[in-house]
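Participant: Just a sequence and a predicted model for now, questions to come.
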Amino acid sequence: MGDARWLPLFVVADVTTEVVDSVLKSAASESEEDEDFENRWCLLQHPNQRTISKPSVPPADPFQSGFLNSDIQRLQDYILTGCGENGLGHDNNVYMDWLADDAFGVIDARTAQDNTILFCVREDVDAIQEAEVRLAWNKGTRSDELLTRYIEDSGDIDDQDIMFLVENLAIDKDDSEEASVADLRLDEAKQKIDDWIELEQRGGRPRWFEIRMVVENAMKNSYGISNIGPAAVLTEMKDEFDENGVMRY
């Protein structure tokens, strides 16, 4: 995440004020127990809201959320256009005093059921990292599995799988070439894969990740995810998630 001090918090389900208060109280308690974990939640009640409490503290006044039934894409679009430096709630006289445009929390129907919250974070990642995340969560494809094996040891991949991989990766193909990928020699196919991997690892593209975590550790976890990166958390720290996919450390 960027340098923003505050995190937008949305309510997308028809939950009681007590549920919202439980999230805010937990954040305040974390801050009291450890000053390194400041309460960063800023409750956004309506799309046209202009006055914001930084941070939001309990008790919250009863309100009808203007984001009821919003999907994650709508919330992403909202903060990308309205938050960030010089955006909603930014006090130019205070360092980093703006709402993040690359991370936010979501109070949904599940929050009322199991006291968890959804944390959405944007990070620039390459296709290899995306493949690793999918594999870690048992959503990987054959291409994902072959790609990670190829990177670990290209000699461990048989010729047929090499050709499958070069056909299925998003490798730029010259339309002027009449020869198809299937006509490549094995060494040419490997070189194309190597070139693609090198190009991918030079940069990345923005991707959103969703991490569900327990309310009582939300501030600590948000700081950790900010420092480590969501892709790394979802792969290297998979053991910190329970059988329901909730981050509980």
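Facilitator: Looks like it came in fine. Residues are numbered from 1 along each chain as shown.
Participant: From here on, just use CA atoms for contacts and neighbour counts.
Facilitator: Will do.
Participant: And the helices in this protein, which stretches?
Facilitator: Listed in chain order, the helices of the chain (DSSP state H) span 17-33, 72-82, 109-114, 127-136, 142-152, 159-168, 186-202, 218-228, 230-236.
Participant: Quick check: which of the ones you listed is nearest to Val57?
Facilitator: Proximity to Val57 (CA to CA) singles out helix 17-33 among the helices of the chain, at 5.7 Å.
Participant: helices or strands up against the closest one?
Facilitator: Contact partners of helix 17-33 among helices and strands, from 3 or more CA pairs under 8 Å, 6 or more residues apart in numbering; DSSP states H and E: helix 218-228.
Participant: elements contacting the helix it packs on?
Facilitator: Using 3+ CA pairs under 8 Å, 6+ apart, the elements in contact with helix 218-228 are helix 17-33.
Participant: could you give the mean pLDDT of the helix it packs on?
Facilitator: For helix 17-33, the per-residue pLDDT values average out at 94.
Participant: Measure how buried the residue nearest to Asn39 when sequence neighbours are not counted is and give me the count.
Facilitator: Excluding the flanking residues, the one nearest Asn39 by CA to CA, 6 or more residues apart in numbering is Ala27, at 5.1 Å. For Ala27, the tally of surrounding residues (other CA atoms under 10 Å) stands at 26.
Participant: Distance check, the residue lying closest to Asp124 once chain neighbours are set aside against Pro230.
Facilitator: The shortest distance from Asp124 to any residue that is not its chain neighbour, by CA to CA, 6+ apart, is 4.2 Å, and that residue is Pro206. Relative to Pro230, Pro206 is positioned 12 Å away (CA to CA, to the nearest Å).
Participant: And those two? Which one has more around it.
Facilitator: A count of neighbours by other CA under 10 Å puts Pro230 above the other of Pro206 and Pro230, at 27 against 11.
Participant: do you know how far that one is from Ser143?
Facilitator: In this view, Pro230 and Ser143 are 22 Å apart by CA to CA.
Participant: What of Asp156?
Facilitator: If you measure Asp156 against Ser143 using CA to CA, the figure is 15 Å.
Participant: Neighbour count: these two, which is higher?
Facilitator: Between Asp156 and Ser143, counting by other CA under 10 Å, Ser143 is the more crowded of the two (17 against 11).
Participant: Show the contacting residues for the more buried one.
Facilitator: Counting by CA atoms under 8 Å, 6 or more residues apart in numbering, Ser143 touches 164-165, 168-169.
Participant: Drop anything exposed from those.
Facilitator: Among the contacts of Ser143, those buried by neighbour count (16 or more other CA atoms under 10 Å) are 164-165, 169.
Participant: For stretch 227-238, buried residues please.
Facilitator: Of the residues in stretch 227-238, 229-231, 233-235, 238 count as buried by neighbour count, 16+ other CA under 10 Å.
Participant: Ok, stretch 38-52 next?
Facilitator: Residues 38-45 are the ones in stretch 38-52 that count as buried (16+ other CA under 10 Å).
Participant: mind putting those residues in JSON lines, distance to Arg122 and pLDDT included?
Facilitator: What follows is the buried residues of stretch 38-52, written out as JSON lines (distance: CA to CA, whole Å; pLDDT from 0 to 100):
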{"residue": "Glu38", "distance to Arg122": "21", "pLDDT": "90"}
{"residue": "Asn39", "distance to Arg122": "20", "pLDDT": "93"}
{"residue": "Arg40", "distance to Arg122": "17", "pLDDT": "94"}
{"residue": "Trp41", "distance to Arg122": "17", "pLDDT": "96"}
{"residue": "Cys42", "distance to Arg122": "18", "pLDDT": "95"}
{"residue": "Leu43", "distance to Arg122": "19", "pLDDT": "96"}
{"residue": "Leu44", "distance to Arg122": "19", "pLDDT": "96"}
{"residue": "Gln45", "distance to Arg122": "22", "pLDDT": "94"}
